[in-house]
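# Build me a model:
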Amino acid sequence: MDGLQMMLWLLIVLAFTLGFISLIKPVIPGVFMLWIGFFIYQFGINSDTLSWWFWSAAIVWTLLIFVSDLLLSRYFVTRFGGSKKGEWAALIGVIVGAFVLPPFGIIIVPFVAVLVIELLQGIDVRSAMKASVGALAAILTSSVVQAVIMTLMISWFLIDALLM
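Here you go, the predicted model:
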């Protein structure tokens, strides 16, 4: 392995690492970082080993990550009695929380945001707390789903790149 290939592999590992850091720092586009790693390999190291099966699955898994984020957020906030405004508060809270008290801000800020929004709408404290817990459940579940899918994507990449 020459120096250029070694540098490209280091960039791939860095991209994958940033992808996983995005689970606690959501301002980093996690799945996008994986794609950067895939493209570095494809266009910088070897354009012949990644199969069309890999690329097709990577597209499907990427879409699944985006859809699961939206669906899980809606499901849990609604399931726990939250409103549409509460859903938006959770989403905005995750983004703001990434900058405030990282990495704990992505848990604390959405919880407080949903609680405040629900209370401002005249919802009782118990129901507002329940909706806030739903927002937390959505964030944690979404992170686990993303981690599993990203692990599958990287595993398939490594199998295709190194063993095929």
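# least trustworthy helix or strand in the chain by mean pLDDT?
Lowest mean confidence among the helices and strands of the chain (mean pLDDT, DSSP states H and E): helix 84-97, at a mean of 85.
# what about that one, distance to the chain center?
15 Å (C-alpha atoms, centre = their mean, to the nearest Å).
# Return the list of helices and strands in contact with it.
For helix 84-97, the packing partners by 3 or more C-beta pairs under 8 Å, 6 or more residues apart in numbering; DSSP states H and E come out as helix 52-79, helix 105-120, helix 125-158. (Each C-beta comes from the backbone N, C-alpha and C, glycine too.)
# So residue 122, which state does it fall into?
coil (DSSP: H, G, I helix; E, B strand; the rest coil).
# Next, the angle from the least confident helix or strand of the chain to helix 105-120.
Compare the direction of helix 84-97 with that of helix 105-120 by axes from the mean of the first three to the mean of the last three C-alpha atoms, to 10 degrees and you get 150 degrees.
# Show me the contact partners of helix 84-97.
Residues from elsewhere that reach helix 84-97 (C-beta atoms under 8 Å, 6 or more residues apart in numbering): 26-27, 73-74, 77-78, 82, 104-114, 116-118, 121, 131, 135, 138-139.
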